[in-house]
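Novice: dropping a prediction and its sequence here:
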Amino acid sequence: MTRTIPELAALTKLPHHTSRRTFAPLRMISRATGPIHDGSSVESCGKIENEIKNTNVNKCSLEESLKLLTVKAEELSKLDLQIEELLDSDSFEVEFEASQDYAERINVWKFGAERKLNELTGSREPLNDNKHVVRLPN
C-alpha cells in the first residue's frame with residue numbers, strides 16, 4: 001500500500017503492524033523521500049472492486065485503475081526495501097510478513113481486474129503490458 005506523507009507520519013505514532021512497537025524509522029524515510037504518492041493502493045483496490053461489481057463496467061476506467069494499482073504496488077515494493085534496510089532481525093520478520101500480505105492483497109485485486117477485462121474483451125489470455133505484436137517483413 002502506498003502511503004502519503006501524512007499517512008506515514010500517523011504510522012510513526014501507531015504500533016507498527018503486529019509488533020505493537022512504534023516505528024521511528026518511518027520518520028527518516030518520509031523526510032528523505034518526500035511525497036510518495038497522492039493516494040493509496042487501498043483506494044485503487046476499492047475502485048477496482050466497484051468496477052468489477054458494476055454490471056455496466058467502464059473498460060477504460062478499469063484499465064486505468066489496474067495500471068495505477070500496478071504503479072502503486074511497484075512504489076510500495078521500493079518503500080518496503082528502504083524500510084527493511086533500517087530494521088533489526090526481529091522487526092524485519094514482522095515487516096516482511098506484513099509486506100507479503102499487502103502484496104498478496106494487491107495481486108488478488110489485479111487478477112480480478114484482469115479477469116474482468118478479459119471477460120469484456122472476450123480474451124482468455126491474461127493481460128500483460130510486456131507483450132507487443134511485431135510484424136516482420138515477409
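Specialist: Noted; the coordinates are in hand. Predicted model only: the values in this text are computed from it and were never measured. Numbers count the residues shown, from 1 in each chain.
Novice: what's the helix or strand harbouring S99 packed up against?
Specialist: In the assignment (DSSP states H and E), S99 maps to helix 89-121. Taking 3 or more C-beta pairs under 8 Å, 6 or more residues apart in numbering; DSSP states H and E as contact, the helices and strands that helix 89-121 lies on are helix 41-53, helix 59-85. C-beta here means a position set from N, CA and C on the backbone, and glycine is covered the same way.
Novice: quick one: average pLDDT of the first one?
Specialist: Read it as helix 41-53. Averaged across helix 41-53, pLDDT comes to 70.
Novice: what's the burial count for S65?
Specialist: 24 (other C-beta atoms under 10 Å).
Novice: oops, could you answer that again for A103 instead?
Specialist: What A103 shows, counting by other C-beta under 10 Å, is a neighbour count of 15.
Novice: for it, which residues are in contact?
Specialist: Going by C-beta atoms under 8 Å, 6 or more residues apart in numbering, A103 touches A73, L76, S77.
Novice: in ChimeraX, select just the buried ones from those residues.
Specialist: Here is the ChimeraX selection string for the buried members of the contacts of A103, based on 16 or more other C-beta atoms under 10 Å:
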select :73,76
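Novice: and the helices and strands packed on helix 89-121: which comes nearest N118?
Specialist: N118 lies closest to helix 59-85 among the helices and strands packed on helix 89-121, at 11.0 Å (C-beta to C-beta).
Novice: ok, back up a step: export the helices and strands packed on helix 89-121 to CSV and tack on distance to L120?
Specialist: As requested, the helices and strands packed on helix 89-121 are exported to CSV (distance: least, C-beta to C-beta, whole Å):
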stretch, distance to L120
helix 41-53, 10
helix 59-85, 5
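Novice: looking at these, which is buried most?
Specialist: Among those, ranked by average contacts under mean count of other C-beta atoms under 10 Å, first place goes to helix 41-53 (a mean of 18).
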